[in-house]
Structure formats: structure tokens, C-alpha cells
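Visitor: quick check, what structure comes out for this input:
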Amino acid sequence: MIGITLSSEQIRNAPADVRHWIEREVMASMNQGPIAENNDKSSHSEHLAACTEEEVAAILTQIRSVLPAVNVLFELSRQGSAYGRPDIAVFRLLDIAGHARLQNVEQVIACLDIIGQAFGRVCGDVDAKFYALDRDGHCFIATETQQSILQIWRKVIAGGQFAANSQDMAARPGFNGVSGGSTENPPADQQAAKSSKATSPS
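Guide: So this is what the prediction gives:
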């Protein structure tokens, strides 16, 4: 057996078919099964919670000391991929990793877990489902949640609430190299731009 190591930049620049294959292989290696036993799209949203702005703000308060998780949360404010259902926003884990400057999708999933646990504490239901994953490397959240995150993102930027703490949080133990991304949409790229110094991936 031959092992091949690819950098996050090589993966981001790979053809779409190659990226999709990598996503499927990574998800399979992590034993991430499909959310449902069938391919019914409605099954992905059956138990997804719809977060209000107040709940997203409370989540942000709980995770703000973990910069990668904050970046991933704000990545979910982007316009999701076409899915055929207006109540579901879909994101590719590799895209989130690239925009948030994380090394791999495992780190994205770890951040999603942190966000999900914070949401469980906020709403008082540890079984509440903030997000869902499928075997093809997609993340699903309720569209209402995506819109709530977007509104909080806009308020954070307007108030400059996050910039003062960005550099301090980047120095805390945890994942390294979280900053930047595409400038087409808000989240982690513009968030990092508001910090005078951002750590780049090694």
C-alpha cells in the first residue's frame, strides 16, 4: 500500500472530482455514515434545530475563546450550495476547511462538535442537533440558522466586537493557522483581516 500526503493548499487547488473523491474517502475513514438510511433529502433536516439570533449570540459567547470554532461558525453564514430545499443550507467540509485555514476536515468536524455542544447548553437540550453530516463530506444546517449566523456576523463586524480579541485568542492553545480565505463572502477571511496579525498555516 502506498500512502500519499497532500497539503491543504494542494487539496483546495485540485480538480473538483478529485476533491469530491478525497471528501468521500476521508468521511469513510472516519466512519461517518449517512444521516439517514435512505437518500430522501427531507431526512437531513428532520431533526435539525433552527437557531435564533439570540441563540447564535449565546453560542458565540461560549466558544469565543476557541478561534477555529468561531471561524467555522461564521463560515456557516455563507450562501450554501444548491440543495433543492429552501429550509436547508448545505456546505462542503473541504470548503469550510479552506476558508477557515484549517488543516483538514477532521478539524472542521471537531469545531462543529464544539459549536453543537455549546448549542445544546444554550437551548437546554443536549440532544438538539445543530448540524448534520453525510458520507460525501457535506454539512447541513437549517436555513434559519444560517440566516441567524449571518445577522450576528454583520453585527460583530459593525460593532468591531471581535477584532480586539482576535490576536489574543489566536495565541491560545488549540488548532494553529486559522485565518483568511476567499474574499467573496464574509466569514473567517474578513474576520481575520480585522486582526492586525493572523497566524498562517505552517
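Visitor: show me what Leu133 is bridged to.
Guide: Beta-bridge pairing of Leu133 under DSSP bridges involves Cys139.
Visitor: shaky segments in this structure?
Guide: 1-14, 16-46, 82-84, 161-202 (pLDDT under 70).
Visitor: any chance you could map the helices in it?
Guide: Using DSSP state H, the helices of the chain run over 8-13, 16-29, 42-45, 53-63, 67-75, 93-100, 105-123, 143-159, 163-170, 187-193.
Visitor: show me what the fifth one is packed up against.
Guide: In other words, helix 67-75. Packed against helix 67-75 by the contact rule (3 or more Cβ pairs under 8 Å, 6 or more residues apart in numbering; DSSP states H and E) you find helix 53-63, helix 93-100, helix 105-123, helix 143-159, helix 163-170, helix 187-193. Just so you know, the C-beta spots here come from the backbone N, C-alpha and C atoms, and that holds for glycine as well.
Visitor: right, and the ones you listed - which one's nearest Ala132?
Guide: Using Cβ to Cβ as the measure, helix 105-123 is the one of these that comes nearest Ala132, at 9.8 Å.
Visitor: which parts of that closest one are buried?
Guide: Residues of helix 105-123 classed as buried by neighbour count (16 or more other Cβ atoms under 10 Å): 105, 107-112, 114-120, 122-123.
Visitor: make a markdown table out of the helices and strands packed on helix 67-75 and add distance to His47.
Guide: As requested, the helices and strands packed on helix 67-75 are exported to a markdown table (distance: least, Cβ to Cβ, whole Å):
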| stretch | distance to His47 |
| --- | --- |
| helix 53-63 | 16 |
| helix 93-100 | 20 |
| helix 105-123 | 12 |
| helix 143-159 | 13 |
| helix 163-170 | 32 |
| helix 187-193 | 25 |
